[in-house]
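[1] Provided below for reference: sequence and predicted model.
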Amino acid sequence: MELKIKFSFNGNEVRQEERDYIEEKIEKMKKLLPSGENKESIVEIGIKRDKKGFWELDFSLDSSYELYRAIEKDRNLREAMDRIEEVIKKQIRRDKEKVSGLRRKGKRKIKEGFVIDEQAKM
């Protein structure tokens, strides 16, 4: 799966170390995504800084299956990214559990649909 990362700095200057840290966190999230299809996923990060010195990160990850989104605000850019990582991981895990639950439920329905003839056991 290919991952495209788009940064939007809105006139703010972000150090290369901070940018590398964000990219590292995105790579960790990429490992949680389902890898069944070869479609590319797009990550868009909007980074703003207000007059009071707070960083606001607007994060969206558009995978081939679902759109995951989180917005966090903090004085420290890294802490905001850490919280975004946790929120996105929860969303991905919830979706995976939902899909696996539906599969289990479907398998049960198929199993219940089978009728075994009593005379066929001999």
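    Yep, that arrived.

[2] can you list the weak-confidence ranges in this structure?
    For the chain, the stretches with pLDDT under 70 are 1, 35-38, 115-122.

[3] And the strands in it?
    Secondary structure of the chain (DSSP state E): strands located at 3-8, 41-49, 55-62, 67-74.

[4] For residue 34, see how far away the closest residue in space to residue 39 that isn't next to it in sequence is.
    Nearest residue to residue 39 in three dimensions, chain neighbours excluded: residue 64, at 3.9 Å (Cβ to Cβ, 6 or more residues apart in numbering). Just so you know, the C-beta spots here come from the backbone N, C-alpha and C atoms, and that holds for glycine as well. Using Cβ to Cβ, to the nearest Å, residue 64 is found at 8 Å from residue 34.

[5] ditto for residue 57
    Taken as Cβ to Cβ, the span from residue 57 to residue 34 is 24 Å.

[6] who's more crowded, those two?
    A count of neighbours by other Cβ atoms under 10 Å puts residue 57 above the other of residue 57 and residue 34, at 19 against 14.

[7] ok, so what distance separates that one from residue 96?
    Relative to residue 96, residue 57 is positioned 24 Å away (Cβ to Cβ).

[8] One more: residue 87?
    15 Å.

[9] quick one on the thing from earlier: is it possible to export the strands of the chain to TSV including distance to residue 113?
    Shown next, in TSV, are those (distance: least, Cβ to Cβ, whole Å):
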stretch	distance to residue 113
strand 3-8	41
strand 41-49	37
strand 55-62	37
strand 67-74	35
